[in-house]
Structure formats: C-alpha cells, structure tokens
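Colleague: 3D model of this:
(4 chains)
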There are 2 protein chains.
Amino acid sequence: MVDPDRVAAVQHRLPPTLLVEELSETFDVLSDPNRLRLLTSLLEGGELCVCDLAAVTGMSESSVSHALRLLRSHRVVKVRRDGRMAYYSLRDGHVRMLLDVALEHLQHEG
Amino acid sequence: MVDPDRVAAVQHRLPPTLLVEELSETFDVLSDPNRLRLLTSLLEGGELCVCDLAAVTGMSESSVSHALRLLRSHRVVKVRRDGRMAYYSLRDGHVRMLLDVALEHLQHEG
DNA sequence: TGCTCATCTGAACAGACGTTCAGAGTAGGC
DNA sequence: GCCTACTCTGAACGTCTGTTCAGATGAGCA
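Modeller: From the prediction side, this is the model:
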C-alpha cells in the first residue's frame, strides 16, 4: 500500500455493498445485444406485443419472453394485458438517457 | 405477427448491429460490482495505483489488474506510468453520468 | 549483480448466462 | 366442445466470465 490515508478516505466514501450490487444488476440488464434491441424497439414503437417484438428483433418468441421477464423484474418495462395479448412498453425515460450517455462515450472513444 | 406495418417501420429505425454490440459491451463493463467499486474509487480518489485500489476495494491485486485491463480496453480509465508504479484515473465524465442515471432509475423503482 | 516490490499475464476452474426445446396455460373463433 | 394462436415456463446445454494461482516482467536499491 502506498498512501494509507487516501485509501482510508476513499474507502469511507464508497457506496454501500447493496447499492453497488443493485447498480451492477441495472447495467447487466443492458449488457445484452438482444435486450438492447428489444428496448430500442420499444423506444421507437412505443408499445409492442411479444410476437411483434420477436419479428422486429429476429429473436424466437420464447427468447423474447425470457428477456422481457428479466426486464420486467428490473422495472425497465411494463406490460399491459389484453385478452391473450401482452403489450410491452418502457417504464420510464431512464433507458433512453442511459443509451444516450453510452453513445456519447462511444463517440468520444475514437 | 400482429401489426406488420409497424414491425417493418420499427425494424428500419433500429440501430445497426455493430453499434448495438458496442453499446452492450459498454454496459457489460459496468455490470460487475468489483469494477464498479474500482470506478467509484477513482471517482472519489482521482488517481490511484493498483495496490491502493486493491486495498480500497478488498480485491486481490491480480484481480484488480485484470479488471483494469478490461476497463482500459474500453477507454473507461487511463493509466500513467511512473517507474514501476501505474496510476489509474477515469478517462472522461461519462461514467459519473451513467452512474447518476442508473441511481435515479433505482430510486424510482420503489 | 542480486534482491525486493509493483504490476502484468496466461491457464484453469467454478459459477453465471442466454438460448433452444418441449410443454403448459389461456383466450378467441368456429 | 374443439382447435388455433399468443404467451409463459422449466430444464438442459454450450458458452462466456471472473476469480485464483503460478509465474514473468521490469524498475529501484544496495
């Protein structure tokens, strides 16, 4: 260890373990290409059913359903049931913000 | 398929495959608790060497080195060499923005 | 030249992840 | 009732990932 004082100071200002893990789970949800395609589809389409999401993204309907379940459990998307149909949409605007900032980062990467 | 017109319209407005994959990689970098701890340490500490980062986060120095390599390859952190020491710091402000938006999302989750 | 320390690296192992597959549940049309 | 269509689910399989371990590199110092 080189600078014990700074180590102790930084350590005290770290976020609690639980929060760090929740943050990592949030980013994990966005770390899959197919899930990102589902979310951008909902960004453009507003509200779409499972079978249409499968058609847009080229995924199987089963895979879409699994993915949407994960997104739902993290409160990223919400579902509206109508008969046998299930219409999914984004739950709030944070997804778009996260995508925008990440896009900016990529552009500044060179 | 329920709404072929909308499916085609949304499909045309999806980002290209390569971009989606780069986006998912960016979020993947942030999807690990230990890597997040390293980044928040750098947010607080400004510039820290590998051994101090290991002390702050409780990780092994080998694990820290592996993680920093990944962060470096994605242009999230940069390194300044001074003799046998390696001092790491954040490369730009996007990390803080991403963390802030994700935190906001968690608070609105309920 | 030797020795120590900070960092880096590759291999290997255990655990997590996303897909496919097969099947169940349910609503609507006939 | 019967059949079809949309959605959901659990198990299983291959893949990816993060850690540990052992060792290599390179800089500083005597």
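Colleague: how close does the residue nearest in space to the middle of chain A get to residue B:42?
Modeller: A centroid search over chain A (C-alpha atoms, centre = their mean) returns residue A:30, at 3.6 Å, as the residue closest to the centre. Using C-beta to C-beta, to the nearest Å, residue A:30 is found at 21 Å from residue B:42. C-beta: built from backbone N, CA, C; applies to glycine.
Colleague: ok, now residue A:60?
Modeller: 41 Å.
Colleague: also residue A:20?
Modeller: 14 Å.
Colleague: more crowded one of residue A:60 and residue B:42?
Modeller: Neighbours were counted for residue A:60 and for residue B:42 using other C-beta atoms under 10 Å in any protein chain shown; residue B:42 has more, 23 against 10.
Colleague: a strand runs through residue A:62, doesn't it?
Modeller: No - in this structure, residue A:62 is helix, not part of a strand, as judged by DSSP: H, G, I helix; E, B strand; the rest coil.
Colleague: can you pull the pLDDT of it?
Modeller: Looking at residue A:62, its pLDDT is 98.
Colleague: ok, residue A:1 next?
Modeller: Residue A:1 carries a pLDDT value of 79.
Colleague: wait, it touches residue B:55, no?
Modeller: Yes - with contact taken as C-beta atoms under 8 Å, residue A:1 and residue B:55 are classed as touching, separated by 4.9 Å.
Colleague: okay, the two: which has more neighbours?
Modeller: For residue A:1 versus residue B:55, the count of surrounding residues by other C-beta under 10 Å is larger for residue B:55: 23 against 11.
Colleague: and the helix or strand hosting that one, how far from the chain's centre?
Modeller: Taking DSSP states H and E as the definition, residue B:55 sits inside helix B:50-57. Between the centre of helix B:50-57 and the centre of its chain there are 18 Å (C-alpha atoms, centre = their mean, to the nearest Å).
Colleague: wait, does it contact DNA strand D?
Modeller: No - using C-beta under 7 Å from any atom of the strand, no contact is recorded between helix B:50-57 and DNA strand D, whose separation bottoms out at 8.9 Å.
Colleague: let me see the mean pLDDT of that helix.
Modeller: Helix B:50-57 shows an average pLDDT of 98 in the prediction.
Colleague: ok, stretch A:18-38 next?
Modeller: Here stretch A:18-38 scores 98 as its mean pLDDT.
Colleague: and that stretch, is it in reach of DNA strand D?
Modeller: No - with C-beta under 7 Å from any atom of the strand as the criterion, DNA strand D is not reached by stretch A:18-38; the gap is at least 8.5 Å.
Colleague: what residues sit buried inside that stretch?
Modeller: Residues of stretch A:18-38 classed as buried by neighbour count (16 or more other C-beta atoms under 10 Å in any protein chain shown): A:20, A:22-38.
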